[in-house]
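Peer 1: Structure, please.
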Amino acid sequence: MADAPARDDLSRDDLALQLAAATRVLVQHGVLGYSGHLSVRGPQPGTFLIQPGDDGRDGLEPGRVLTVDLDGGLVTGDAQPPIERFIHSELYRARPDVGAVAHFHHDVSTLLTLVDGLVFRPLKNHSSRWGSDVPVHPDLTHIRTPEQGRQLAGTLGGSHAAMLRAHGQVLVAEDVPHLLADAVHFVENTDLLVRAAGLGQPLVPLSDAEVTAFRESFSRPRHARKLWAYHLGLAERAGVIPPEWVRRLSPGA
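Peer 2: Numbers count the residues shown, from 1 in each chain. Now for the predicted structure:
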């Protein structure tokens, strides 16, 4: 639970643009689909920004991003927030160190909640972010109430990720660029883990000592900036996000 807030004092418009861009990028890479959502703490205390529940993820516009309070109530916007907004509201309430939240439904990662003996293990170096500390939440229904959100926050505890059994995943991070990098690395690791398990040989995950060594040698903010710029560039060239978004979102812009 040692994340240091990495966000600069960004305006609501800046945060909404980050959220829209990251959402489109994660659709491009198969992490988000017809459902799932990202959020970011708003500049107004006790609020967060999130997309409308019924808007397509692949074409999310920053002007459609909503402001919601920690009770799940709409503050600004003209659409309904996702029914699972209480994932976000209760994690922000429980974890003041968290600046951004992702909930998605990556099928390969979900396998880790469905196969006996197959659990999250860090195999790639960037999965040192989580070590082996990825708890599984037993509620496979939609998180539709504050109480369900509080129960999920209890399962997450001080971890940076949790699995929802037969449902999906939750990640927490300092801000949207860090969250994007984490989502990419999380699914990379689970893809590799499932492939490795299929070889029929014992897995050799990273040891606690290796996890600690990588964390100590690694600049997380620098890496997040690098991946942010890389994925924005890929998305621009693929026509996923407009060039003017990239100019506004690029580090130092």
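
Peer 1: ok, residue 12 - contacts?
Peer 2: Neighbouring residues of residue 12 by CB atoms under 8 Å, 6 or more residues apart in numbering: 42-44, 49, 67. Backbone N, C-alpha and C define where each C-beta goes, glycine included.

Peer 1: Inside strands: which ones of those?
Peer 2: 49, 67 (DSSP state E).

Peer 1: ChimeraX command to pick out the buried ones of the contacts of residue 12?
Peer 2: Here is the ChimeraX command that selects the buried residues among the contacts of residue 12 (16 or more other CB atoms under 10 Å):
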select :42,43,49,67
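
Peer 1: which one of the contacts of residue 12 is nearest residue 241?
Peer 2: Using CB to CB, residue 49 comes nearest to residue 241 of these, at 17.3 Å.

Peer 1: Against residue 22, how distant is the closest one?
Peer 2: Distance, residue 49 to residue 22, by CB to CB, to the nearest Å: 11 Å.

Peer 1: Just give me the longest helix of the chain.
Peer 2: Longest helix in the chain, counting residues (DSSP state H): helix 176-197.

Peer 1: what's the following helix or strand after that helix?
Peer 2: Using DSSP states H and E, the helix or strand that directly follows helix 176-197 along the chain is helix 208-217.

Peer 1: what ranges of the stretch 51-200 of the chain fall below the confidence cut-off?
Peer 2: The stretch 51-200 of the chain contains no residues with pLDDT under 70.

Peer 1: residue ranges for the strands of it, please.
Peer 2: In the stretch 51-200 of the chain, the strands defined using DSSP state E, counting those that start in this stretch lie at 66-69, 74-76, 100-104, 136-137, 161-164, 168-173.

Peer 1: Can I get the ones you listed in TSV including distance to residue 247?
Peer 2: Shown next, in TSV, are the strands of the stretch 51-200 of the chain (distance: least, CB to CB, whole Å):
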stretch	distance to residue 247
strand 66-69	25
strand 74-76	26
strand 100-104	22
strand 136-137	40
strand 161-164	32
strand 168-173	24
